[in-house]
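In: Structure for the following, please:
(chains A and B)
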Amino acid sequence: EAQVTQNPRYLITVTGKKLTVTCSQNMNHEYMSWYRQDPGLGLRQIYYSMNVEVTDKGDVPEGYKVSRKEKRNFPLILESPSPNQTSLYSCASSFRGSGANYGYTFGSGTRLTVV
Amino acid sequence: RKEVEQDPGPFNVPEGATVAFNCTYSNSASQSFFWYRQDCRKEPKLLMSVYSSGNEDGRFTAQLNRASQYISLLIRDSKLSDSATYLCVVNRGSTLGRLYFGRGTQLTVWP
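Out: Below you'll find the predicted structure:
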């Protein structure tokens, strides 16, 4: 089944403890992206990647790191999480198509709480 | 000014009604446009892309007005299952790298 898989689905952690949220897609998509979704603010892009070893900042990159060493994986790293990073995180992927009309497929989300 | 603005609603309509959502975007360089739907506590799912000539998919019709920089979504013959939040999404440039999401319009269809 074609899908974007995120792990874990739920995570509660303490301030300052490094964590990684994994994202994997099995559709051979070039594009991958991370978003956070907060009430009243909607989805905001954290980082995106257009291919292996090609990443760039989105709207809210501070406090996050990413890497794209393989096409299928795009992990999100929080080196020193803080309570303001409590949010719902979504990973998404897409083909690179002419006209860019394919849209993204989203994973089921990771609900992170930092205490 | 926000990149993408939507009326947050909520829109409450009876089954069978026709409902329209509008969305405006601020960057004239934007090239791709989408409507997503998001059910409560679920991930966003692509509903349809929006083409310059307008496009239709069953009961759903999307329109793009580049001159006025707005996008619309029309839902005809609303079903209970159409209840969801509808997200307007715009990308800047010719790639899907930078996507901007509106905050969503909430729709509730009642029997």
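In: Report the distance from the helix or strand of chain B with the lowest mean pLDDT to the chain centre.
Out: Counting by mean pLDDT, DSSP states H and E, chain B has its least confident helix or strand at strand B:98-101, which shows a mean of 87. Distance of strand B:98-101 from the chain centroid (Cα atoms, centre = their mean, to the nearest Å) equals 13 Å.
In: That one and chain A in contact?
Out: Yes - against chain A, strand B:98-101 shows contacts by Cβ under 8 Å from any Cβ of the partner chain at B:98-101. (C-beta placed from N, C-alpha, C; glycine too.)
In: Same list (the residues you listed) but as JSON lines, adding neighbour count.
Out: Listed next are these as JSON lines, based on neighbours: other Cβ atoms under 10 Å in any protein chain shown:
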{"residue": "B:R98", "neighbour count": "19"}
{"residue": "B:L99", "neighbour count": "27"}
{"residue": "B:Y100", "neighbour count": "22"}
{"residue": "B:F101", "neighbour count": "24"}
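In: got the end-to-end distance for stretch B:35-51?
Out: For stretch B:35-51, the first-to-last residue distance is 11 Å (Cα to Cα, to the nearest Å).
In: in chain B, which spans are strands?
Out: Assigned by DSSP state E, the strands in chain B fall at B:4-6, B:11-14, B:19-25, B:30-38, B:45-50, B:55-57, B:60-65, B:70-75, B:84-92, B:98-101, B:105-110.
In: Comparing these, which yields the minimum mean pLDDT?
Out: Of all these, mean pLDDT reaches its minimum on strand B:98-101 (a mean of 87).
In: quick one: which of the strands of chain B is nearest A:R111?
Out: Among the strands of chain B, strand B:30-38 comes nearest to A:R111, with 14.8 Å by Cβ to Cβ.
In: I'm done for today, thanks for sticking with me.
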